[in-house]
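Colleague: Model the following, please.
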Amino acid sequence: MRNAFSALGDLPDDTEEAWSTTRDTILTKAAANILVKRAVRRSWFTTETMDIIDQKKEARLKGNHDEWKRLNEVYKARSKVDLERFYGKLADEAESGFWKNNLRPAYRAIKRLRGSTRSSANGSVIRSDGRMCNTPAEITERCKERYQNTLNHSIVTPSADRDDFADSATPDVTVSEDVPMLHEVSRAIRRLKNGRAAGAMA
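Modeller: Prediction:
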């Protein structure tokens, strides 16, 4: 590197020409000595597929349309195989987690398939007249209106039949109303399966 930059010791007097010489020297030597990390937007592509993409780009820059067209067909076939292999791997990991009562691989698979695209919160809130809320203030006002209409009701008309039914109901003696003991809570927690919600299907 020290010898490579020796050419910068004798630069031309013209400013533009001197800058061009400096820039070209730095870029040339950097490309030859510094590894460039390739940006990968689709992580499921194999190295062979990424090489095909580079060859396609080179053919397009050279104006070789026939070669670009051939490489494009190869790229389509390889990318399809890579994508199917990627989906299969995610499915196998999720299935393996299911057999072990572990839902984390499934959640990771869903997250990877969903990607990083996030929907706008403004687009999911609709006013009572059907229009979209466009600002946070409109969303807040709509939520306030929604809960006021949902939680505030008129006084319920008394029902004699319902009152008679409640008075004649007998308590279920099989249901304990006592405060649960510590050992009962501990036993219930131990019965829970890893990664599974409590309930009849757990």
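Colleague: any idea how far M181 lies from L192?
Modeller: Computed as Cβ to Cβ, to the nearest Å, the M181 to L192 distance reads 18 Å. No exception for glycine: its C-beta is placed from N, CA and C like everyone else's.
Colleague: And those two? Which one has more around it.
Modeller: Neighbours per residue (other Cβ atoms under 10 Å) separate M181 from L192, with L192 holding more: 12 against 9.
Colleague: What is the three-state secondary structure of the more buried one?
Modeller: Under DSSP: H, G, I helix; E, B strand; the rest coil, L192 falls in the coil class.
Colleague: Let me know whether my guess that E145 is in a helix holds.
Modeller: Yes - judged by three-state DSSP, E145 forms part of a helix.
Colleague: now it, nearest residue through space, not along the chain?
Modeller: Excluding the flanking residues, the one nearest E145 by Cβ to Cβ, 6 or more residues apart in numbering is S128, at 6.8 Å.
Colleague: where does the one you found sit relative to D54, distance-wise?
Modeller: In terms of Cβ to Cβ, S128 sits 55 Å off from D54.
Colleague: Next: P171.
Modeller: Separation of P171 from D54 (Cβ to Cβ) stands at 77 Å.
Colleague: And these two? Which one has more around it.
Modeller: The residue with more neighbours, out of P171 and D54, is D54; 11 against 7, by other Cβ under 10 Å.
Colleague: next one: phi and psi at the more buried one?
Modeller: D54 adopts backbone torsions of phi -60, psi -40, taken as degrees, to the nearest 10.
Colleague: what's the spacing between it and H153?
Modeller: Computed as Cβ to Cβ, the D54 to H153 distance reads 67 Å.
Colleague: Ok, E16 next?
Modeller: E16 is 79 Å from H153, by Cβ to Cβ.
Colleague: quick one: the helices in the protein?
Modeller: 15-33, 47-62, 65-99, 104-114, 136-151, 160-168, 182-190 (DSSP state H).
Colleague: so what's F45 up against?
Modeller: Counting by Cβ atoms under 8 Å, 6 or more residues apart in numbering, F45 makes contact with 53, 79, 82.
Colleague: Switch those residues over to TSV; also include neighbour count, distance to Q148 and pLDDT.
Modeller: As requested, the contacts of F45 are exported to TSV (neighbours: other Cβ atoms under 10 Å; distance: Cβ to Cβ, whole Å; pLDDT from 0 to 100):
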residue	neighbour count	distance to Q148	pLDDT
I53	17	56	88
S79	17	53	89
D82	18	53	90
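Colleague: Show residues contacting stretch 64-76.
Modeller: So stretch 64-76 is in contact with 49, 52-53, 55-56, 59-60, going by Cβ under 8 Å, 6+ apart.
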